[in-house]
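Q: Just need the structure, nothing else, for what follows:
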Amino acid sequence: MSALALLLALASPADEAIAAERAFAAAAQTEGQWTAFRAFAAERAFLFTPYPNYAREVLADAENPLVSVMWWPARSFVSCDGAMAVNIGPWVRPGPRHGYFITVWERQADGEWRWLLDDGADLEVPMAAGEAPIVRQADCESIPTGRRLAETIHDGPRPHGASPDRTLSWSWTPSGPGVLTIRFFNGDEMETVFTHETAPAR
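A: Have a look, this model is predicted:
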């Protein structure tokens, strides 16, 4: 188990996802942007370029830019079982340019967190972010027994996924402008907490 995984083992699942994002962002500054992306990626991670593709293929020969993008988490949604999280926040790069990112994180069998999906977009006005991220963890006490919570999960050739307990899900719908949807169990239902418009399907 890596030093990062050992450190995260002492934290709550909500804290773990934030710490993983910050470590990822810090590595981009010290090791290089695409080096960090490769190091923190899950085996089946997706990048939008602008269409969803496996990160291992997109990043295989990618050279680090001279200056890496900077980002930090502003909001975090964590599944009840602590196995998946979605972080959203601002990014900045020289220009100046700014925008927002979305990172889906998944806890691995060895306890380490790796990103499963990364995307984002430019913004004309910077995204507001407080000193500390706003964290929401799915309601664990009111999960209906035997109910399929993640109704957005469908069969078919599209990137999609959910936490093992189905309290946090993400899916990409390739119709018109593609739409990435994040859904979260709020105690009563699967609530859509974020939508992100991507490129049209090819």
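
Q: In this structure, where's the longest helix?
A: helix 13-31 (DSSP state H).

Q: what's the average pLDDT for that one?
A: The average pLDDT within helix 13-31 is 93.

Q: try stretch 170-183
A: Stretch 170-183 comes out at a mean pLDDT of 82.

Q: Equivalent analysis for stretch 68-86, please.
A: Rounded mean pLDDT across stretch 68-86 is 94.

Q: about what we covered before: and the longest helix of the chain, what's buried?
A: Neighbour-count burial for helix 13-31 flags 13-14, 16-21, 23-25, 27-28 (criterion: 16 or more other C-beta atoms under 10 Å). Glycine gets a C-beta too; all of them are placed from N, C-alpha and C.

Q: For that helix, enumerate the helices and strands it packs against.
A: helix 3-8, helix 33-40, strand 70-71, strand 75-78, strand 84-93, strand 97-107, strand 113-122, strand 134-137 (3 or more C-beta pairs under 8 Å, 6 or more residues apart in numbering; DSSP states H and E).

Q: Restricting to C-alpha, output stretch 68-81 in PDB.
A: Taking only C-alpha atoms (Å, rounded to 0.1, in the frame of the first residue of the first chain), the coordinates of stretch 68-81 have been written out as PDB:
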ATOM      1  CA  SER A  68       0.500  22.400 -15.700                       C
ATOM      2  CA  VAL A  69      -3.100  23.400 -15.100                       C
ATOM      3  CA  MET A  70      -4.000  24.100 -11.500                       C
ATOM      4  CA  TRP A  71      -7.200  22.900  -9.900                       C
ATOM      5  CA  TRP A  72      -8.800  22.400  -6.500                       C
ATOM      6  CA  PRO A  73     -12.000  20.800  -5.200                       C
ATOM      7  CA  ALA A  74     -15.000  23.000  -4.300                       C
ATOM      8  CA  ARG A  75     -17.700  20.400  -4.000                       C
ATOM      9  CA  SER A  76     -17.600  16.600  -3.300                       C
ATOM     10  CA  PHE A  77     -20.300  14.000  -3.400                       C
ATOM     11  CA  VAL A  78     -19.500  10.700  -1.700                       C
ATOM     12  CA  SER A  79     -21.400   7.400  -1.900                       C
ATOM     13  CA  CYS A  80     -22.800   6.000   1.300                       C
ATOM     14  CA  ASP A  81     -20.400   3.000   1.200                       C
END
